[in-house]
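Asker: Sequence first, then the predicted structure:
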Amino acid sequence: MSVDSRGRYTPEAAGEAMPGSEGPSGSTSHNLLSTRRASLMQEPVLVLNATYEPINVTAVRRAMVLMLKGVAQAEEMHNTEVHSAAHAHRVPSVIRLLAYRHIPQQSRALSRKNILLRDRNTCQFCVRVFPSSELTLDHVVPRSRGGRSTWENLVACCYRCNNSKGDRTPEEAGLKLARRPRPFTLHTSRQLMRLIGHRDERWRKYLFY
Ligand SMILES: [Zn+2]
């Protein structure tokens with residue numbers, strides 16, 4: 001297979017393939033196409049409410065399903081197409097829901113992923129940015145002291161700070177929180193959408209108002 005250990009296509013791997021191990025002719029370009037398509041389908045798409053209010057970020061794949069179902073329509077497109085059996089579809093960058101959807105103030109689930117997202121992968125004690133795999137969740141008030149697993153008591157924390165804090169409060173450990181932890185609100189989502197939106201100028205007019 002001309003795919004590396006992380007599932008990506010690599011020309012080097014293809015070059016090393018034994019003659020005859022490639023399968024039917026054309027399979028190399030097919031692999032390249034489907035890999036490129038797979039990553040394209042994961043690209044972020046901005047989702048607007050019927051009122052043009054930005055409410056979410058989803059992946060191209062999901063956005064196209066919403067469009068095919070007639071739930072949403074494309075407002076902005078990329079200059080790329082994906083092909084299904086019978087049709088070529090242009091890839092959306094921004095979609096809008098056709099019916100207004102009420103978004104509860106706090107709709108985000110309390111999860112490790114969402115806490116790291118809220119804290120932008122930044123250790124809340126040493127204020128350094130880490131990959132998700134190098135962060136843990138810290139109970140600000142330790143569980144042994146009755147600290148609960150809530151938005152207000154859980155923060156992203158690197159292993160080093162987590163070790164030095166141990167079973168103590170930040171004050172006792174001589175550590176200071178970068179900022180007071182808050183629930184994930186629409187405000188937080190919008191900040192994140194702006195961060196992602198810097199990559200795609202088609203998003204700007206919906207986010208920077
Ligand atoms: Zn740290």
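Answerer: That came through, no problem.

Asker: Give me every residue in the chain that's in contact range of the ion.
Answerer: Residues of the chain lying close to the ion (CB under 5 Å from the ion) are Cys123, Phe125, Cys126, Cys158, Cys161. For the C-beta atoms, the positions are set from N, CA and C on the backbone; glycine is no exception.

Asker: hmm, try it at 6 Å
Answerer: Cys123, Phe125, Cys126, Arg128, Cys158, Arg160, Cys161 (CB under 6 Å from the ion).

Asker: Please name the nearest non-neighbouring residue to the third one.
Answerer: Of all residues beyond its chain neighbours, the one nearest Cys126 is Cys161 (5.3 Å), with distances taken as CB to CB, 6 or more residues apart in numbering.

Asker: just checking, Val82 is part of a helix?
Answerer: No - under DSSP: H, G, I helix; E, B strand; the rest coil, Val82 falls outside any helix and is assigned strand.

Asker: Which helix or strand contains the closest residue to it other than its chain neighbours?
Answerer: Closest residue in space to Val82, ignoring its immediate chain neighbours: His89 at 5.4 Å, by CB to CB, 6+ apart. Under the criterion of DSSP states H and E, His89 resides in strand 88-97.

Asker: and what of Arg62?
Answerer: Going by DSSP H and E, Arg62 is part of helix 60-68.

Asker: which parts of stretch 201-209 are buried?
Answerer: Within stretch 201-209, the residues that qualify as buried are Trp203, Tyr206, Leu207, counting by 16 or more other CB atoms under 10 Å.

Asker: Out of those, which is nearest to the ion?
Answerer: The ion has its nearest neighbour among the buried residues of stretch 201-209 in Leu207, at 30.3 Å by CB to the ion.

Asker: Identify the spatial nearest neighbour of the closest one, chain neighbours not counted.
Answerer: Nearest residue to Leu207 in three dimensions, chain neighbours excluded: Gly197, at 4.8 Å (CB to CB, 6+ apart).

Asker: how about the strands in the protein?
Answerer: Secondary structure of the chain by DSSP state E: the strands cover 44-48, 54-59, 72-83, 88-97, 135-139, 154-158.

Asker: helices and strands of the protein: which one bottoms out on pLDDT?
Answerer: helix 11-16 (a mean of 32; mean pLDDT, DSSP states H and E).

Asker: Thought Glu43 was touching Arg61, still the case?
Answerer: No - distance between Arg61 and Glu43: 9.1 Å, which falls outside the contact criterion (CB atoms under 8 Å).

Asker: on that earlier part again, so the residue nearest to Val82 sits against Glu81, correct?
Answerer: Yes - in this structure, His89 is within contact of Glu81 by CB under 8 Å, at 6.3 Å.

Asker: Sweet, I'm off.
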